[in-house]
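Participant: Sequence and computational prediction follow.
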Amino acid sequence: MVRSSTWFFGPTTGGSTASESAGLHKNTAELDGKCHSLLSFMNDSGGSTSGMKRLALLMFVLAAVLGGAGCVGSLSDPDAFIDGGTITKDAQTVLEESCATAGCHDDVTTAANLNLLSPGVESRVLNVNASGVGCEARILVVPGDPNGSYLFDKILGTIGICGSRMPLLSILPDSDVEVIREWIIELGGSGQAALDGG
């Protein structure tokens, strides 16, 4: 005899015994009785099904409003959410994390004679000529002028730079590039703005 694998609605092919049909109907009746008991409990405890529906709708709307109010930002720029959005990077942090790493522009290696880690970075980059054959006439940082600053060209990978785009093994996120751009602009205001932009 072929039996159906459909549990709730009974067999769709083949036959079934009378005892199987009776068991299925008994299970359905028990389930129906439990649902009625639950609804009776809600009514006996002062609630009604329409009241419960209104409460559920109110809870849903409240959760949606509070959830939406808690996240006013967007993840279209994940770099803007550094450390939960509570701490923003400054130029010193960007240079330390991306340029002043071991073997590059740290205080030991000083690739291209450029130390971007030790205090006093501004004195080593402001109105200072770049090193590198063919690029000696370029100024590392022209205060207030990111587009005229060779350091910024190296970060962007502008055509005509000597050597490779920096950093060597990665490309700075747009938010970090913007931090460096703003820092160079601020350096033009006082001529010696602090590395943290202040």
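Facilitator: Received, thanks.
Participant: can you list the domain ranges for this protein.
Facilitator: As recorded under automatic domain parsing, the domains making up the chain are 18-69, 83-190.
Participant: Pick out the shakiest of those, pLDDT-wise.
Facilitator: Of all these, domain 18-69 carries the lowest average pLDDT, namely a mean of 57.
Participant: and the host helix or strand of L187, what does it pack onto?
Facilitator: L187 is located in helix 174-190, with elements delineated by DSSP states H and E. Helices and strands touching helix 174-190, by 3 or more Cβ pairs under 8 Å, 6 or more residues apart in numbering; DSSP states H and E, are helix 91-98, helix 150-156. From N, CA and C alone the C-beta is placed, and that goes for glycine too.
Participant: quick one: buried residues of the next helix or strand after the longest one?
Facilitator: This means helix 91-98. Proceeding C-terminally, helix 91-98 gives way to helix 121-125 as the next helix or strand, assigned by DSSP H and E. Going by neighbour count (16 or more other Cβ atoms under 10 Å), the buried part of helix 121-125 is V121, E122, R124, V125.
Participant: How much space separates the residue nearest to the third one when sequence neighbours are not counted from A100?
Facilitator: The one in question is R124. If you skip the residues right next to it in sequence, R124 has N115 as its closest partner in space, 6.2 Å away by Cβ to Cβ, 6 or more residues apart in numbering. To A100, N115 is 8 Å away according to Cβ to Cβ, to the nearest Å.
Participant: likewise V108?
Facilitator: In this structure, V108 and A100 are separated by 10 Å, where distance is defined by Cβ to Cβ.
Participant: cool, S50 as well?
Facilitator: Using Cβ to Cβ, one gets 66 Å for the distance from S50 to A100.
Participant: between these two, who's got more neighbours?
Facilitator: Comparing S50 with A100 by other Cβ atoms under 10 Å, the one with more neighbours is A100, at 21 against 8.
Participant: can you redo the helices and strands packed on helix 174-190 as TSV with distance to L55 and mean neighbour count?
Facilitator: Supplementary listing: the helices and strands packed on helix 174-190 in TSV, determined by distance: least, Cβ to Cβ, whole Å; neighbours: other Cβ atoms under 10 Å:
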stretch	distance to L55	mean neighbour count
helix 91-98	49	20
helix 150-156	57	22
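Participant: Could I get the ones you listed in TSV, plus columns for distance to E182?
Facilitator: Listed next are these as TSV, based on distance: least, Cβ to Cβ, whole Å:
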stretch	distance to E182
helix 91-98	8
helix 150-156	11
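Participant: Relative to E178, tell me which of these wins on proximity.
Facilitator: In terms of Cβ to Cβ, the element of these nearest to E178 is helix 91-98, at 9.6 Å.
Participant: Which positions within stretch 102-121 qualify as buried?
Facilitator: C104, H105, D106, T110, A111, A112, L114, N115, L116, L117, V121.
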